[in-house]
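Enquirer: Fold the following and give me the result.
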Amino acid sequence: QRRQQPHPLVEERSHFGASSRNQGHGYSHRSEDYSPPPDAEPEALTDADRRDFGKYLKRQDGKEGELAPLFKKDQFSRASSSRGATSSTLGPYEKPSRASMRKQFPRVANPSRVQPLLKEDRIRKERQLTQAESLRKHLTGEGEITAQQLRDRRLQAREDQLREDEKKLQERLTDPIQSVPVTQAPFDVVYPKSGIDPAVLPKNPRRLTVSLVGTPNVGKSSIVNELVGHKVSAVSTKSQTTRSLVRGVLTKDDTQIVFTDSPGFPTTKRKQVNPGVLKACEEALREQVMDAVMVVLDISREQTLSLTAMDVIRRVAKEYERRQEIGEPFHLTILMNKSDHLHPRLAEAKYERLRNKIAGENESLKNHIFLTTITDRNCMNALRSYLLNLAVDGDWKFPPDAFSDRSKLETVEEVIREKIYQRFNLEVPYTVQQENRGWTELPNGDLRIDQALIVKKRTHINMLVGQKGEALLWVLKRSRADLTAILGRHVHLYLIVDWDGKQV
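Expert: Take a look at the predicted model:
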């Protein structure tokens with residue numbers, strides 16, 4: 001019926017003319033073939049008219065004016081009666097210039113200001129479509145849900161969940177990994193091998209014992225891992241990652257080199273350092289069986305020769321002189337590590353300057369200072385060859401296939417501890433303790449390891465687990481990959497978080 005009647009906006013357009021009623025509103029619309037009489041009354045607009053033909057625009061005083069249709073995007077005319085303009089000189093489909101818009105429409109000088117109106121129109125249309133869809137579901141009966149139907153749906157969802165849980169349980173029971181009972185670690189896993197079979201020893205064995213000392217975070221553990229070729233010590237950017245003496249073993253032909261990795265000499269007050277760390281530092285210097293000592297320095301630091309570094313060099317030089325007096329000398333070497341962090345020319349210049357400074361303290365050390373970096377394979381090969389030439393005749397201490405003095409279980413704990421140090425900050429990595437809960441041999445040749453991570457504070461639980469287990473999964477994946485490479489077979493690693501004797 002509405003289509004058969006003449007539409008007020010298309011046929012009459014009386015309320016858009018410059019009638020006496022809306023002269024003061026400041027809005028007009030030009031009609032090429034129709035001019036309304038001066039006494040024409042605007043017709044009332046229905047909701048359908050507003051929905052089909054446009055929006056409400058704002059007057060300069062902030063009140064709502066009459067409906068102004070938008071025939072095209074950003075193409076509408078508007079005149080201000082307060083400035084004396086009774087009608088626009090542009091057609092309904094003509095786009096006014098920017099200069100004319102600034103002159104006639106000072107508040108809409110930038111066409112981009114119409115964008116919010118278009119966004120509101122889009123949101124309104126989407127809301128109408130949503131309401132129409134809801135109305136369709138209501139009329140067709142799709143949207144009508146009784147209380148009984150709602151209860152039935154909830155019961156059905158619960159039954160589906162129980163059925164899914166039972167299915168997962170059956171899969172877990174039939175899984176060869178889960179079906180095998182967890183067993184404790186055997187003796188040869190908990191304790192390292194002792195003794196060497198004389199049949200595997202060469203005719204003329206040679207040996208060398210090397211101790212690495214220095215300040216924290218200078219790369220001692222990285223050098224040991226690179227020279228040995230296996231993961232021996234944990235490596236991270238945290239200070240005091242190495243907490244005790246760790247020995248790595250390199251066996252090549254008839255020569256065996258034992259590297260002793262020690263914690264860094266603390267740069268803070270001794271009262272703030274773990275007593276075990278201090279004891280390990282002292283033992284690394286006073287070890288009586290050592291044949292060589294390497295003092296590692298970080299050349300990339302601004303203060304490479306800090307007070308602590310110079311104190312370490314003086315103590316090693318003093319021990320060197322004492323051992324020479326009693327007839328048990330050792331080889332002393334100073335390594336300027338991390339040269340790859342600097343430009344080659346800058347690293348060379350700094351190396352010469354530091355070399356002269358150390359020689360000023362002790363002239364005998366000048367020819368025992370080298371520039372190294374673990375990223376350069378040629379440099380590491382040269383250092384390995386240099387140490388092999390220093391070996392002396394003597395019996396081996398470890399079997400030829402050993403790469404560390406630690407047991408398999410201690411190696412697993414060291415790998416997991418390294419990933420914890422790499423992932424977490426503050427006091428969390430220093431307070432987490434480990435406990436083995438299972439070492440199970442699977443029928444297919446794989447190995448299952450159950451390891452418990454014990455925290456002292458309840459607040460550390462969420463830090464260690466992370467959001468949706470993300471942090472713990474990060475540690476698990478990287479630890480499992482390293483253990484698979486070290487042990488030479490596929491490892492199924494399970495990490496458990498314990499707090500106050502409870503599994504959380």
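Enquirer: Relative to Q433, how far out is M463?
Expert: According to C-beta to C-beta, to the nearest Å, M463 and Q433 sit 15 Å apart. Placement of C-beta: from N, CA and C, glycine included.
Enquirer: just Q184 next, same as before
Expert: 18 Å.
Enquirer: what does I299 give?
Expert: Distance from I299 to Q433, by C-beta to C-beta: 36 Å.
Enquirer: for G445, same thing?
Expert: In terms of C-beta to C-beta, G445 sits 31 Å off from Q433.
Enquirer: Show me the shaky parts of the stretch 51-200 of the chain.
Expert: 51-119, 135-146, 172-176, 178-179 (pLDDT under 70).
Enquirer: what about the helices in the stretch 251-400 of the chain?
Expert: 275-286, 307-325, 344-361, 377-389 (DSSP state H, counting those that start in this stretch).
Enquirer: Outside of stretch 400-413 itself, list whatever touches it.
Expert: Stretch 400-413 is contacted from outside by 185, 188-193, 200, 228-232, 246-251, 256, 398, 414, 434, 436, 439, 449, 451, 483, 486-487, using C-beta atoms under 8 Å, 6 or more residues apart in numbering.
Enquirer: Of those, just the buried ones, PyMOL syntax please.
Expert: Selection of buried members from those for PyMOL, criterion 16 or more other C-beta atoms under 10 Å:
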select buried, resi 185+189+192+228+230+231+232+246+247+248+249+250+251+256+398+414+434+436+439+449+451+483+486
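Enquirer: among the contacts of stretch 400-413, which are in strands?
Expert: Counting by DSSP state E, the contacts of stretch 400-413 place 246-251, 256, 434, 436, 439, 449, 451 in strands.
Enquirer: Report the two of these separated the most.
Expert: Farthest pair in those (C-beta to C-beta) is Q256 and Q451. Separation: 31.1 Å.
Enquirer: So for G445 and Q433, which residue has more residues nearby?
Expert: Legend: neighbour count by other C-beta atoms under 10 Å for G445 and Q433, higher for Q433 (12 against 8).
Enquirer: For the more buried one, name its beta-bridge partners.
Expert: I454 (DSSP bridges).
Enquirer: Do you know the pLDDT at it?
Expert: With respect to pLDDT, Q433 has a value of 92.
Enquirer: quick one: it and G501, what's the gap?
Expert: Relative to G501, Q433 is positioned 13 Å away (C-beta to C-beta).
Enquirer: Quick check: the gap between L383 and I196.
Expert: 26 Å.
Enquirer: swap in S306?
Expert: 42 Å.
Enquirer: got it, and W499?
Expert: 43 Å.
Enquirer: try L495
Expert: 35 Å.
Enquirer: Looking at the two, which is more packed in?
Expert: L495 (21 against 16).
Enquirer: Hmm, L447 and E441 touching each other?
Expert: Yes - with contact defined as C-beta atoms under 8 Å, E441 and L447 form a contacting pair (6.4 Å).
Enquirer: Mutual contacts of the two, please.
Expert: Joint contacts of E441 and L447 (C-beta under 8 Å, 6+ apart) do not exist.
Enquirer: Three-state assignment for the residue nearest to S239 when sequence neighbours are not counted, please.
Expert: Closest residue to S239 apart from its sequence neighbours, by C-beta to C-beta, 6 or more residues apart in numbering: P216 at 4.5 Å. On the three-state scheme (DSSP: H, G, I helix; E, B strand; the rest coil), P216 is labelled coil.
Enquirer: wait, P216 sits on P266?
Expert: Yes - with contact defined as C-beta under 8 Å, P216 reaches P266; the gap is 7.3 Å.
Enquirer: Please name the spatially closest residue to D395 (chain neighbours excluded).
Expert: Going by C-beta to C-beta, 6+ apart, D395 has P205 as its nearest residue, at 5.9 Å.
Enquirer: show me the contacts for that neighbour.
Expert: Here P205 is in contact with 254-256, 393-396 (C-beta under 8 Å, 6+ apart).
Enquirer: top of these by neighbour count?
Expert: That'd be Q256 among the contacts of P205, by other C-beta under 10 Å, with 25 neighbours.
Enquirer: Distance of the residue lying closest to it once chain neighbours are set aside relative to E226?
Expert: Counting by C-beta to C-beta, 6+ apart, W396 is the residue found nearest to Q256 once chain neighbours are left out, at 4.6 Å. Per C-beta to C-beta, W396 is found 22 Å from E226.
Enquirer: Over to Q324?
Expert: 30 Å.
Enquirer: Among those two, which residue is more densely surrounded?
Expert: E226 (20 against 12).
Enquirer: Okay, strands next: where are they in the chain?
Expert: 54-58, 64-69, 206-214, 246-252, 255-261, 292-298, 331-337, 369-371, 392-393, 433-441, 447-455, 491-499, 502-503.
Enquirer: Indicate which one of these is closest to Q161.
Expert: strand 502-503 (24.2 Å).
Enquirer: partner strands of the closest one, parallel or antiparallel?
Expert: strand 491-499 (antiparallel).
Enquirer: Quick check: buried residues in the partner strand?
Expert: 491-495, 497-499.
Enquirer: Residues in contact with it: which ones?
Expert: Contacts for strand 491-499 (C-beta under 8 Å, 6+ apart): 177, 416, 435, 437-438, 442, 446-458, 460-461, 464-465, 472, 475-476, 479-480, 483-484, 503-504.
Enquirer: and the angle for it with strand 433-441?
Expert: Counting by axes from the mean of the first three to the mean of the last three C-alpha atoms, to 10 degrees, strand 491-499 lies at 150 degrees to strand 433-441.
Enquirer: Return the angle between stretch directions for strand 491-499 and strand 447-455.
Expert: 20 degrees.
Enquirer: related to what we said a few turns ago, and the residue nearest to Q256, what are its phi and psi?
Expert: phi -80, psi 160 (degrees, to the nearest 10).
Enquirer: pretty sure it contacts R207?
Expert: Yes - contact status for W396 versus R207: in contact at 6.0 Å, counting by C-beta under 8 Å.
Enquirer: Which neighbours do these two have in common?
Expert: Q256.
Enquirer: on that earlier part again, want to throw the contacts of P205 into a markdown table with pLDDT?
Expert: Shown next, in a markdown table, are the contacts of P205 (pLDDT from 0 to 100):
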| residue | pLDDT |
| --- | --- |
| D254 | 91 |
| T255 | 93 |
| Q256 | 93 |
| D393 | 91 |
| G394 | 89 |
| D395 | 88 |
| W396 | 90 |
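Enquirer: Which of those residues sits closest to T242?
Expert: For these, the nearest to T242 is Q256 (22.1 Å; C-beta to C-beta).
Enquirer: list the contacts for that closest one?
Expert: So Q256 contacts 205-208, 249-250, 396-398, 400 (C-beta under 8 Å, 6+ apart).
Enquirer: Max pairwise distance over those: which two?
Expert: Taking C-beta to C-beta, no two of those sit farther apart than L208 and P400, at 15.2 Å.
Enquirer: more crowded one of those two?
Expert: For the pair L208 and P400, the greater number of neighbours falls to L208 (21 against 14), based on other C-beta under 10 Å.
Enquirer: so what's that one closest to, chain neighbours aside?
Expert: A391 (4.2 Å).
Enquirer: By residue count, tell me the biggest helix in the chain.
Expert: Longest helix in the chain, counting residues (DSSP state H): helix 147-174.
Enquirer: re the thing from before, need the residues touching each of P216 and P266.
Expert: Common neighbours of P216 and P266 (C-beta under 8 Å, 6+ apart) are Q240.
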